[in-house]
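1. here's my sequence, what's the structure:
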Amino acid sequence: MDKDRIEGAAKQAKGAIKEAVGKVTGSTSTELEGKADKVEGKTQATAGKVKDAARDAVKH
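-> Reported below is the predicted structural model:
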């Protein structure tokens, strides 16, 4: 498994928590930061999946 997939998943989780905290506290900026972290994490995880698929294709 590519490290980008792992780091991306961690960023998504961190973003979800930050977004929830922002909603609970009424902090729009924290909520938006959380959403941005989730998008960044999803993008990074997707890049990791592509790398894994490319690596698997080369092996076969």
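2. K23 - nearest residue in space that isn't next to it in sequence?
-> E31 (5.6 Å; C-beta to C-beta, 6 or more residues apart in numbering). For glycine as for every other residue, the C-beta is placed from the backbone atoms N, C-alpha and C.
3. what sits against the one you found?
-> 18-19, 22-23 (C-beta atoms under 8 Å, 6 or more residues apart in numbering).
4. how about JSON lines for those, with secondary structure and pLDDT added?
-> Formatted as JSON lines, these follow (DSSP: H, G, I helix; E, B strand; the rest coil; pLDDT from 0 to 100):
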{"residue": "K18", "secondary structure": "helix", "pLDDT": "98"}
{"residue": "E19", "secondary structure": "helix", "pLDDT": "98"}
{"residue": "G22", "secondary structure": "helix", "pLDDT": "98"}
{"residue": "K23", "secondary structure": "helix", "pLDDT": "98"}
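5. that older thread, any idea how far K38 is from the residue nearest to K23?
-> 11 Å (C-beta to C-beta, to the nearest Å).
6. noted, bye for now.
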